[in-house]
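Chemist: Turn this into a structure:
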Amino acid sequence: MDFSRQGKDVFVRLDPGEEMHESLRGLSQPLRMAAAVITSGIGRVRDAEIGYLDADGAYQTVVHEDAMELLSTEGNLAPGPDGPFTHIHVVLSDDGHVVHGGHLIRATVAMTAEIHLRDLSGADGVPFEREATGSQFLRLSFCDIE
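Modeler: Numbers count the residues shown, from 1 in each chain. As a prediction, the model looks like this:
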């Protein structure tokens, strides 16, 4: 991994073999970044597990073992009870140009991943547990308004 910080903008290049969630969470401490928005990401990944939250609150997932083009990435990095957590959505394309997208459960970088984050450490974002599904969502409060 390589990264560069310019003010509140962080530019990251992930290398082959790195797992996206783990790598991005690992930036929190060295950059002293409590929270960030992931605004974009491109590259190529493999072993990508993506899914969606169904009406019953369960993730329905599919694993794409072959390498796929990472067309778009967005999400957030926020503090959690056990350290930083990431919530990432992706759009992927297979070699036949068929597009797949959803919530990123895991993905390993195949060639590279170039990702932009915007540091939101001044915002008061608090993760909370959604009782109906057990999923983590982000509750934001600004100026003491929730």
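Chemist: Would you point out which residue is most central in this structure?
Modeler: In the chain, the centroid-proximal residue (CA atoms, centre = their mean) is Ile88; its distance is 3.0 Å.
Chemist: How about residues contacting the strand or helix carrying that residue?
Modeler: Assigning secondary structure by DSSP states H and E places Ile88 in strand 83-93. For strand 83-93, contacts defined as CB atoms under 8 Å, 6 or more residues apart in numbering pick out 20-21, 24-25, 28, 38, 41, 45, 48, 50, 64, 68-79, 99-104, 107, 127, 136, 138. Every residue, glycine included, has its C-beta placed from N, CA and C.
Chemist: Then stretch 110-124?
Modeler: With CB under 8 Å, 6+ apart, stretch 110-124 has contacts from 5, 8-16, 18, 20, 24, 27, 31-46, 67-68, 70, 73, 76-77, 140-142.
Chemist: Try it again at 7 Å.
Modeler: 8-16, 20, 33-46, 67, 70, 73, 77, 140-142 (CB atoms under 7 Å, 6 or more residues apart in numbering).
Chemist: Just the ones of the contacts of strand 83-93 in strands?
Modeler: 38, 41, 45, 48, 50, 64, 68-79, 99-104, 107, 127, 136, 138 (DSSP state E).
Chemist: All set now, cheers.
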